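have a look at this prediction, sequence included:
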Amino acid sequence: MVRRANLFVKMVAILFSLILVTLLFYGLSYRKDIGVITDQIKTTDLNHLEFLTQQMDNNINQLAGSMYALQRDPTIRDYEQIQQLGHLIDPAQTVMTVLEKLSLQTSSSTWENRIVLYKPHTGETLGSDSSLSFDSSILEKPLQPGWEYIPEDKGSNEAGFRLLLSDPVEDKGNLRQAELLMSMYFPVSNIERMFDTYQSQNKGDTFLYHPAYGVILSRHTDREMARQIITAMEPLTGQETSDIFSLREGSFLVSSVPSSAVTWQVIHYSPLKQILQPIQSSRFTFLTGSVILLVMSLLFSLQLYRQVQRPVSLLLRSLNRMKEGRWSTRIHARTNPEFTMLNEEFNEMAEKIQALIEQVYLEQLQAKDAHLKQLQSQINPHFLYNCLFFIKSKAVIGDTASVEAMALNLGEYYRYITRVDHSLTTLEDELKLLENYLEIQNLRKQRIGYTMDIAGELLGMQIPRLLIQPLVENSIIHGIEKKIGQGFIRITASQTSSAVMVTVEDNGAGMTSEAIASLQARLSGQTRDEGGCGLWNIQQRLKYHYGNSSGLLISSSPEGGLIITLCMEKKEEHNAPNSTG
């Protein structure tokens, strides 16, 4: 009982260790992934902001380009010199054409804008809208290059940007001496709408910043948050950057891109927690799943210990007693149906073995001993352990298809090999056992292919039980497992007028011709050597059942492995393959 408890404690300790190691590696991987993802988010956010800034600059440059085009327009030039050209052109028609062009130029842009023409000498004003007027206070200042920001409190209904052009250009120092001044104005609502569209597809908020003028916010931007961000990134003002800043409300990803069209900085910020929320949610899900998995694993381990480990230990102890010669050993414990059936089969097998030992003649003992040794080698505790631990590992990960396939094939395999009511079986039943055995091996190793080519008239032939399976097992253990790559086993059967031959061919590691000759010599001996015990048993059983002309033939395979042929001499009682017994 203490030993069983210790085994259960070891199983639980191993389970806890595996889960703790998994959580440790997940924690390290999570930290590394967060770093990589954060860097990717920085790059992506900066790229998106660069694209937004480029779109804004393109719209502003398009407006500026239209102004420069108007400045060179012939009709605008005629209007500028209308007094000198009055005898050559129709002044009224020229004014109407200029107004049409101003209106067309204004409406052709997706951004709201206004254009005003002003003649300082005459005070005449033309605008894209009849309600527009020219701010004469502009004449008192030198001409500013590029776009100038106009705050809302400087006589404007709405803050915006203004571009002022002078003709001739050399008069920009004294605007009152210019022949014509051209002014274009667009409100900041154009930029706000662009920011709102951008925010509908991205997290956080976007605004414009200028050290002298302050900020231009979208309708949803928090002014206090914008102030904190500007204070935090003040040393980086004017640079293209993307970084994470810790503020009172938490950590924020802040990206900044300077505008090439205006001397303002486009800034976008978004809460880092909001960006990483999906990753943190998956982390919580993983940890919750790990706890649930741990609890379920403990319950499963306890159930596995009670339903599998204890019955297997009882079966192994009984097998060891049988190996020690205590033939009266029986198993009376009843557990789950599968092991109860296996125990009953074991008891039946033990009874048969005991009866055979007590009743058979002395000359049959050698052949029967070979049969029993072969049978015991098939009930291999390591083979059974491997299969059961395969079932456990696949059950833990939820691979029910593999668990079902292994359990079905293992049950059929042990159902067959533990039956001792008849010493003979049909070739067809033996082939079914081989299919179960090969499916078990293939589930574990995932690299063994096989084919069976048996003539139909041979399927009913009666042969000693467990005659072919040891050859297949030998091909896997001593051939395929010692060679890298896909393994292959071919099983064929044919007959001549005097014998039936069953061939097992593999593409395993093979043997040298000297080693084959040595093995063949050992199989022909009257006593069993330590090497080739299983093959010697089969050799003795063939000779006992079919005669001295029968036996095993071993040769090299063109595939690189071995060809082992079971040669069974035909006797009168075996000439009818379809007979039963």
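In hand now; what should we look at? Residues are numbered from 1 along each chain as shown.

for the rest of this, base every contact and every neighbour count on C-alpha atoms.
Fine.

what count of nearby residues applies to the residue lying closest to Thr565 once chain neighbours are set aside?
Using C-alpha to C-alpha, 6 or more residues apart in numbering and skipping residues adjacent in sequence, the residue nearest Thr565 is Thr503, 4.3 Å away. Neighbourhood size, Thr503 [other C-alpha atoms under 10 Å]: 21.

would Thr503 count as being in a helix?
No - according to DSSP: H, G, I helix; E, B strand; the rest coil, Thr503 belongs to no helix; its state is strand.

list the contacts for it?
Counting by C-alpha atoms under 8 Å, 6 or more residues apart in numbering, Thr503 makes contact with 490-493, 563-566.

what about 6 Å?
Remark: with contacts taken as C-alpha atoms under 6 Å, 6 or more residues apart in numbering, Thr503 is in contact with 491-492, 564-565.

among those, which are in strands?
Per DSSP state E, strands hold the following members of the contacts of Thr503: 491-492, 564-565.

of these, which pair is most distant in space?
Thr492 and Ile564 (10.8 Å; C-alpha to C-alpha).

between the two, tell me which one has more neighbours.
Shown here are Thr492 and Ile564; by other C-alpha under 10 Å, Ile564 has more neighbours (22 against 15).

the stretch 451-581 of the chain: helices as residue ranges?
Using DSSP state H, counting those that start in this stretch, the helices of the stretch 451-581 of the chain run over 469-478, 513-523, 533-546.

okay if I get those as a markdown table plus distance to Pro271, mean neighbour count and mean pLDDT?
Supplementary listing: those in a markdown table, determined by distance: least, C-alpha to C-alpha, whole Å; neighbours: other C-alpha atoms under 10 Å; pLDDT from 0 to 100:
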| stretch | distance to Pro271 | mean neighbour count | mean pLDDT |
| --- | --- | --- | --- |
| helix 469-478 | 60 | 19 | 88 |
| helix 513-523 | 74 | 15 | 87 |
| helix 533-546 | 72 | 21 | 82 |
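
those: which one's closest to Pro381?
Evaluated with C-alpha to C-alpha, the helices of the stretch 451-581 of the chain place helix 469-478 nearest to Pro381, the distance being 15.1 Å.

and stretch 494-508, what's its mean pLDDT?
The average pLDDT within stretch 494-508 is 91.

quick one: mean pLDDT for the helix or strand where Glu345 lies?
Assessed by DSSP states H and E, Glu345 sits inside helix 337-359. Helix 337-359 carries an average pLDDT of 79.

just the residues contacting it, thanks.
With C-alpha under 6 Å, 6+ apart, helix 337-359 has contacts from 327, 330, 334, 418, 420.

for Ile397, state which of those residues is nearest.
Checking those against Ile397 by C-alpha to C-alpha gives Arg334 as the nearest, at 29.3 Å.

what's the spacing between the closest residue in space to the closest one that isn't next to it in sequence and Asp135?
Spatial nearest neighbour of Arg334, chain neighbours left out: Thr340 (5.4 Å); criterion: C-alpha to C-alpha, 6+ apart. Thr340 sits 104 Å away from Asp135, going by C-alpha to C-alpha, to the nearest Å.

the more surrounded of those two?
Thr340 (16 against 12).

relative to Val312, how far out is that one?
11 Å.

swap in Gly460?
Computed as C-alpha to C-alpha, the Gly460 to Val312 distance reads 35 Å.

which residues in the stretch 151-300 of the chain form strands?
With DSSP state E, counting those that start in this stretch as the criterion, the stretch 151-300 of the chain has strands at 160-167, 180-187, 205-210, 214-217, 241-247, 250-258, 265-271.

how big is the angle separating the fifth one from strand 265-271?
What it means is strand 241-247. 50 degrees (axes from the mean of the first three to the mean of the last three C-alpha atoms, to 10 degrees).

so what touches strand 241-247?
With C-alpha under 6 Å, 6+ apart as the test, strand 241-247 has contacts from 42, 251-256.

and the third one, by the same measure?
When contacts are defined by C-alpha under 6 Å, 6+ apart, strand 205-210 is touched by residues 215-217, 221, 264-269.

that older thread, Ser549: which of the ones in strands among the contacts of Thr503 is nearest?
For the ones in strands among the contacts of Thr503, the nearest to Ser549 is Thr565 (13.3 Å; C-alpha to C-alpha).

just checking, the closest one touches Ser556?
No - applying C-alpha atoms under 6 Å, one finds Thr565 not in contact with Ser556, separated by 11.3 Å.

neighbour count winner among those two?
Comparing Thr565 with Ser556 by other C-alpha under 10 Å, the one with more neighbours is Thr565, at 22 against 18.

who are the neighbours in contact with that one?
Residues in contact with Thr565, defined by C-alpha under 6 Å, 6+ apart, are 502-503, 552-553.

between those, which is closest to Gly35?
Closest to Gly35 out of these is Thr503 (61.1 Å), distances taken as C-alpha to C-alpha.

got any ranges where the stretch 51-200 of the chain has weak pLDDT?
Residue ranges of the stretch 51-200 of the chain with pLDDT under 70: 84-87, 153-157, 169-173.
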